[in-house]
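**Q** what's the 3D shape of this:
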Amino acid sequence: MKSLQRILLPILSLALAANLAFAAAPGSDIPQRKRQSPDAVRVVSANIRFLVPEDDGTGNEWARRKELARDVLLAQDADIICFQEFRKAHLDFLKNFFPDYGGAGFVDGDDGQMANMIFYSKKRFEKIAHTGAFLSPTPEVYLSTFPNAPRTARHFNRLHLKDRLTGRELMIWNTHFSAGGKRQPARDAQAGVLADFLKKQPAAIPQIVTGDFNCTAKYNAYKSIKSAGFTDTHTALHGPADPGYTYHKFLGHAYGKTSGKIDFIFSNASLRPTVTEIIKDSRVTDGVRRYPSDHYFLSAEFEYAKKRP
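**A** The predicted model follows:
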C-alpha cells in the first residue's frame, strides 16, 4: 500500500509573473465584501463542483461558469479559501487570478488530483505544516474507507499557518463527507474520525473546520464536530434555525426548498466569528440566471480571542 508521505503534496506556489497583481473581481456586478476589521481573518468554503458529463450542454459546465466563480471568489477578499470537489481544471484557471496565494492539496487517487485544496494568502500567512489523513478506521492507509462508505475514499486536508500580521498560529481543516441518501452511517463515522484528530490538537491554537458534510445539523456528523469543542459560526451569529439549503442544483432561489444547510464553517474557542454569509451571488447570462456552483459558497470573518495570561 502507498504511504501517506507519497500522496501528501508540498505546498504549491501559485505565484505567477510579477505583472499579475491581485485585483478586484472583473465582474462589477458582484458586490465586493468589506472587512469588519483590518486584523480579521476571512475564510471561504466553496464546493466548486466536479467536472461531470451530465453538466455538458446545460450551461453549467466549468468552461461556462468559471468566470462567474472567479468573480464571486475574488469579491470575498478572503485570506483563505477551502475548496471541495476541486480538480486540476479549477487550479489551472483560478491560479492566474490568485498570484499571491499558496495552495495545499491532498492527493486522493491514482490520477494525482489534489482534492480539498486550500488557497491561502502568502502575504498574510507563513506555512508551518501541511498534512492530512483518510476518514476511515485506518486513517494512515492509502484510500481506506469505512465498510458502509462508497468506493470513493474521503479525507481531511490540514494546513497549519502562522499569521504574519498578528503572530498567531492558525490551523485549517478542510473536508468533504460521503454523498448519497443511504450513506449517513458513513458520514457519521467519518466525522467521528475527524473529531478524534481535532481533539488531539492544543485548544489554544485557533482552528477552523470547513466542509461539505452532505447532511444537515440534525445528524451525528455535525454533532461530532461540535463535541470536539467547535462552534458552527453561522448559528453562533444567527441562531440555531436552519437558514435554508446550500446545495441547490444550479437553481438558486428556484430550488424550492426552505431548509437543508449541508455546508459548514466551524471554529474553536480561540476564534470569535464576527460575520458569516451564505453567498448567493449569481449572474444572468443569455437570459438565464447562472450560479458559480451547484452549492452556495460560505464565508466567515474571525477575530482572535485574547490569549490567556
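
**Q** for the chain, longest helix please?
**A** For the chain, the helix that runs over the most residues, judged by DSSP state H, is helix 184-199.

**Q** distance from the chain centre to it, please.
**A** Put simply, helix 184-199 sits 17 Å off its chain's centre (C-alpha atoms, centre = their mean, to the nearest Å).

**Q** and what of stretch 126-133?
**A** With C-alpha atoms, centre = their mean, you get 15 Å for stretch 126-133.

**Q** in the longest helix of the chain, what's buried?
**A** The neighbour-count check on helix 184-199 (16 or more other C-beta atoms under 10 Å) flags 184, 186-195, 197-198 as buried. All C-beta atoms are positioned from the backbone trio N, CA, C, and that covers glycine.

**Q** stretch 140-152 too?
**A** 141-146, 149.

**Q** one more: stretch 241-260?
**A** Quick answer for stretch 241-260 (16+ other C-beta under 10 Å): 243-248, 250, 252.

**Q** related to what we said a few turns ago, could I get the buried residues of stretch 140-152 in a markdown table, plus columns for secondary structure and distance to residue 214?
**A** What follows is the buried residues of stretch 140-152, written out as a markdown table (DSSP: H, G, I helix; E, B strand; the rest coil; distance: C-beta to C-beta, whole Å):
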| residue | secondary structure | distance to residue 214 |
| --- | --- | --- |
| 141 | coil | 23 |
| 142 | coil | 23 |
| 143 | coil | 19 |
| 144 | coil | 19 |
| 145 | coil | 15 |
| 146 | coil | 14 |
| 149 | coil | 11 |
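
**Q** show the low-confidence segments of this structure, by residue range.
**A** Applying pLDDT under 70 to the chain picks out residues 1-28, 308-309.

**Q** show me where it has helices.
**A** For the chain, applying DSSP H gives helices covering 4-7, 62-75, 88-94, 184-199, 220-227, 233-238.

**Q** redo the ones you listed as CSV? Include distance to residue 290.
**A** Below are those laid out as CSV (distance: least, C-beta to C-beta, whole Å):
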stretch, distance to residue 290
helix 4-7, 35
helix 62-75, 6
helix 88-94, 16
helix 184-199, 30
helix 220-227, 30
helix 233-238, 25
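
**Q** so which of the ones you listed comes closest to residue 40?
**A** Shortest distance between residue 40 and the helices of the chain, using C-beta to C-beta, is found for helix 233-238: 12.7 Å.

**Q** which outside residues touch that closest one?
**A** 217, 243, 261, 264-267, 273-276, 278, 298, 300, 302 (C-beta atoms under 8 Å, 6 or more residues apart in numbering).

**Q** just to revisit the earlier point, any idea which of the helices of the chain gets closest to residue 293?
**A** helix 62-75 (6.6 Å).

**Q** mind listing what's buried in that closest one?
**A** 62, 64-75.

**Q** quick one, what contacts residue 225?
**A** By C-beta under 8 Å, 6+ apart, residue 225 lies in contact with 191, 194-195, 198, 209, 264, 266.

**Q** excluding chain neighbours, what is closest to it?
**A** residue 266 (5.5 Å; C-beta to C-beta, 6 or more residues apart in numbering).

**Q** so how many other residues sit close to that neighbour?
**A** For residue 266, the neighbour count with other C-beta atoms under 10 Å is 26.

**Q** who does it bridge with?
**A** Beta bridges link residue 266 to residue 209, residue 232, judged by DSSP bridges.

**Q** which one of the contacts of residue 225 is nearest residue 170?
**A** residue 209 (12.3 Å).

**Q** tell me how many other residues surround the closest one.
**A** Using other C-beta under 10 Å, residue 209 has 27 other residues around it.

**Q** check contacts around it.
**A** 173-175, 194, 198, 225, 230, 264-267.

**Q** what number of residues lie near residue 237?
**A** That count, for residue 237 with other C-beta under 10 Å as the rule, works out to 14.

**Q** could you number the chain from 26 rather than 1 from now on?
**A** Yep, numbering from 26; the last one is residue 262 now.

**Q** what about it, distance to residue 298?
**A** Separation of residue 262 from residue 298 (C-beta to C-beta, to the nearest Å): 6 Å.

**Q** re the thing from before, contacts for the longest helix of the chain, please.
**A** 158, 160-162, 164, 170-171, 173-175, 179, 181, 183, 198, 200, 202-203, 232, 234, 238-240, 244-247, 249-250, 252-255.

**Q** can you rerun that using 6 Å?
**A** Residues from elsewhere that reach helix 209-224 (C-beta atoms under 6 Å, 6 or more residues apart in numbering): 160, 171, 173-174, 179, 181, 202-203, 240, 245-246, 249-250, 253.

**Q** and for stretch 137-154?
**A** For stretch 137-154, contacts defined as C-beta under 6 Å, 6+ apart pick out 36, 104-108, 111-112, 123, 125-131, 133, 182, 184-189, 197, 199.

**Q** rerun that using 7 Å as the cut-off
**A** Identification of contacts with stretch 137-154 by C-beta atoms under 7 Å, 6 or more residues apart in numbering yields 34, 36, 104-109, 111-113, 116, 123, 125-133, 180, 182, 184-190, 194, 197, 199-201.
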